[in-house]
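> give me the fold of what follows.
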Amino acid sequence: MADQLVWMSTPHMDPAEFRRAGHAVVDWIADYWTTLAQRPVTSADPPGTVAAALPAAPPTAGGEPVEAVLADLESIVLPGLTHWQHPGFFGYFPANASGPSVLGDLVSSGLGVQGMLWATSPACTELETVLMDWLAQLMDLPHRFRSTSTGGGVIQDSASSATLVATLAALHRASGGRWRDTGIDRRYRAYTSVHGHSSIEKAARIAGLGTDGIRPIDVDPDSQALLPGALRAAIEADLAAGDVPAIVVATIGTTSTTAIDPLPEIGAICAEYGIWLHVDAAYAGAAAVCPELRWSHAGLEYADSYCFDPHKWLLTGFDCDAFWVADRTELIDALTVLPEFLRNAASESGAVIDYRDWQVPLGRRFRALKLWFVVRWYGAEGLRAHIRSGVALGDRFAERVRADDRFEVTAAHPFSLVCFRLRADDDTNAALLAAVNATGRVHLTHTRVAGRYTLRLAVGSPQTTEAHIDEAWTLLAETADNLRSP
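Here you go, the predicted model:
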C-alpha cells in the first residue's frame, strides 16, 4: 500500500506540466548562452567536487519541481563543466551546438521513435535518406554516394563508429565473408598515417585484428600527410608475408594539425590492390560546403566510404556523424543479422532501407531531425558563412603569431585550426599552455609536431568573434612575457 501511495504522489508529467517545465528549461538554456562569455571556460574545482555535492542516495519520493532541479544544475553542475560552446574554447575540435539543433533534438526526444527498421517508423528512415542526399549535394560528394545511385548515407553516432563499420565491411570484402572463420590462418591488415585518429586502432582491435593489426604509415615531415610510397611499401611487404591488406584509412584534416592525406595517390594504390579506402574527414569535411575549400576532397571518387561530423563544425549537436558508402550492398552484407521477430513485409519487398543494417547497434533514434532543423534554418549560404568565419578567424590568429618573432606557426592551417609554439623548449611551451588555461579565459590543447611540443588553437564556436581571437592572442603574448621575465 505504501508503494502505491508513493506512486500516486508522483504521477507522470502531463502535457500541461510539461509545457510549463519546458518553457523554464528553454529559458534556462537561453540564459546560459547569454551569460556564457562571462563564465570561466573550464572548472577550477578539484576531482570529486560535484560528486561530493550530490546526495548519497536517490530520492524516495519524487515530484520535485523543475525549478529545484535547475537550481542544482546552476549551483552544482555548471561550476564543474568545461564549456565547449564558450567563445574562448579553442581546444580539441569544436563541438557546435545551435538553437535549431537543440530544438530538433527536443522534438526527437519528444517523439521517442525507434528507427531500426523502415517499418518501425517510415518517416524516420526516409527523412534521413533524403537529408543525407541533400548533404552530399551541398558538399558535391561523388554521385555514387547518393541513395539514387549504388550507395547512400546514414547517420552514425560518431566518426569512431563510422570507422568501425567501414572496417567490418572492408574485412567482409577482403575475406569473402569468412574473415572470422576458425581454421583460416590469415592475418588482415589496416593502414593509416601515424597521425590517424586513435579510433582507427580501436576499430581494428574490436574487429579482431589484434594490437598489431594497424600498420602506421610515415608522413611527410613538412605537410604531415601520409606518404604514398611508404603505404605501397607496407602493402607489398604484407602481401609478401602472406597477410591480406583489407583497409586504408586516409584523413582529411588530421587531429594534430589538420593535414590532408593525398587521396588521388592513395586512392590509386587502393584501386590497384583492391583495398577498401575509407576517408575520415571528421572535422574538416564540413569545409566542403564551401566551393573554394573542396580542393581538400580531391580524389574522393576513389573512396569506398567517407564520413564527417556535423557535430564538430556544422552547428549540429553531438551525436551526429554523416557516413556514406559507395556500394550499400557490401555494407549490408557485412552487417545484416535477421532474427524472426524483425521480419516484415516491407523489408522483404526490398523497396525500403533498414538502417539497422548500416550500423553496429540495432536501435537508433531520430538523429536526422536536429540536422534537418539546422539545414533548414541556415540554408547552404548560412552554413558556408559559418565555415568561412572560422577560417577567417583562424587566419587572423595565425597573422598575429607570425608577426611576433618569439612565436612560430608550425604547420599549415587550411581550415580553422592553428598550430603554433614559442621559439623555446618544450617545458616553456607546456608552461605557457598551463598558464593561459589557468586563467579560465581561454582553453587550448597541445600536440607534437616533428617531435616538438606544440599548442593548438581551434576556432569553431558560433559565439567566437574577432574580439575573442584578439583577446586570446593578447593573453598568450603577455603570458609569454611573464614566463621570460627573471
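
> assign Tyr191 to helix, strand or coil.
With DSSP: H, G, I helix; E, B strand; the rest coil as the basis, Tyr191 sits in strand.

> quick check: it touching Val244?
No. Using Cβ atoms under 8 Å, Tyr191 makes no contact with Val244, being 11.9 Å away. Where you see a C-beta, it was placed from the backbone N, CA and C, and this is true even at glycine.

> who has more neighbours, these two?
Taking neighbours as other Cβ atoms under 10 Å, Tyr191 and Val244 compare with Tyr191 leading, 27 against 15.

> quick one: contacts for the more buried one?
Counting by Cβ atoms under 8 Å, 6 or more residues apart in numbering, Tyr191 makes contact with Ile214, Arg215, Ile217, Leu231, Ala234, Ile235, Pro245, Ile247, Val248, Val249, Ile275.

> and of these, the nearest to Glu17?
Nearest to Glu17, judged by Cβ to Cβ, of these is Val249 at 49.1 Å.

> domains of the chain?
2-81, 113-365, 375-484 (automatic domain parsing).

> let me have these in JSON lines, extended by mean pLDDT and distance to Leu103.
Shown next, in JSON lines, are these (pLDDT from 0 to 100; distance: least, Cβ to Cβ, whole Å):
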{"stretch": "domain 2-81", "mean pLDDT": "87", "distance to Leu103": "9"}
{"stretch": "domain 113-365", "mean pLDDT": "93", "distance to Leu103": "10"}
{"stretch": "domain 375-484", "mean pLDDT": "96", "distance to Leu103": "9"}
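
> highest mean neighbour count out of those domains?
Using mean count of other Cβ atoms under 10 Å, the stretch among the domains of the chain with the greatest mean number of neighbours is domain 113-365 (a mean of 20).

> let me know whether my guess that Cys307 is in a strand holds.
Yes. With three-state DSSP as the criterion, Cys307 is located in a strand.

> out of the domains of the chain, which is closest to Pro94?
Comparing the domains of the chain against Pro94 with Cβ to Cβ, the closest turns out to be domain 375-484 (2.2 Å).

> what about that closest one, distance to the chain center?
Put simply, domain 375-484 sits 20 Å off its chain's centre (Cα atoms, centre = their mean, to the nearest Å).

> over to stretch 367-381?
Per Cα atoms, centre = their mean, the centroid offset for stretch 367-381 relative to its chain is 17 Å.

> and for stretch 273-282?
The answer for stretch 273-282 is 17 Å, by Cα atoms, centre = their mean.

> same check on stretch 30-43?
Worked out by Cα atoms, centre = their mean, stretch 30-43 lies 23 Å from the chain centre.

> quick one: Phe415 and Ala282 touch, right?
No. Applying Cβ under 8 Å as the test, Phe415 and Ala282 come out as separate, 12.0 Å apart.

> between those two, what contacts are shared?
Between them, Phe415 and Ala282 share the contacting residues Gly253, judged by Cβ under 8 Å, 6+ apart.

> can I get the domains of the chain in TSV including distance to Val102?
TSV is the format used below for the domains of the chain (distance: least, Cβ to Cβ, whole Å):
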stretch	distance to Val102
domain 2-81	7
domain 113-365	6
domain 375-484	11
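
> could you confirm Gly153 falls within a helix?
No. In this structure, Gly153 is strand, not part of a helix, as judged by three-state DSSP.

> what about the helices in the stretch 51-200 of the chain?
For the stretch 51-200 of the chain, helices defined by DSSP state H, counting those that start in this stretch occupy the ranges 66-72, 99-111, 122-139, 159-175, 198-206.

> make JSON lines out of these and add distance to Thr428.
Output for the helices of the stretch 51-200 of the chain, formatted as JSON lines (distance: least, Cβ to Cβ, whole Å):
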{"stretch": "helix 66-72", "distance to Thr428": "42"}
{"stretch": "helix 99-111", "distance to Thr428": "40"}
{"stretch": "helix 122-139", "distance to Thr428": "41"}
{"stretch": "helix 159-175", "distance to Thr428": "34"}
{"stretch": "helix 198-206", "distance to Thr428": "27"}
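
> out of those, flag the one nearest Glu471.
Of all the helices of the stretch 51-200 of the chain, helix 99-111 sits nearest to Glu471, with 24.8 Å by Cβ to Cβ.

> the closest one - contacts with which helices or strands?
For helix 99-111, the packing partners by 3 or more Cβ pairs under 8 Å, 6 or more residues apart in numbering; DSSP states H and E come out as helix 368-402.

> the inter-axis angle of the helix it packs on versus helix 99-111?
Interaxial angle of helix 368-402 relative to helix 99-111 (axes from the mean of the first three to the mean of the last three Cα atoms, to 10 degrees): 150 degrees.

> mind checking what helix or strand follows helix 368-402 in sequence?
strand 407-409 (DSSP states H and E).

> for that following strand, packing partners?
Using 3+ Cβ pairs under 8 Å, 6+ apart: strand 407-409 touches helix 368-402, strand 417-422.

> which outside residues touch the last one?
Residues lying outside strand 417-422 but in contact with it, judged by Cβ under 8 Å, 6+ apart, are 93, 256-258, 283, 394, 397-398, 401, 406-411, 413, 428-429, 432, 447, 449, 452-459, 480, 483.
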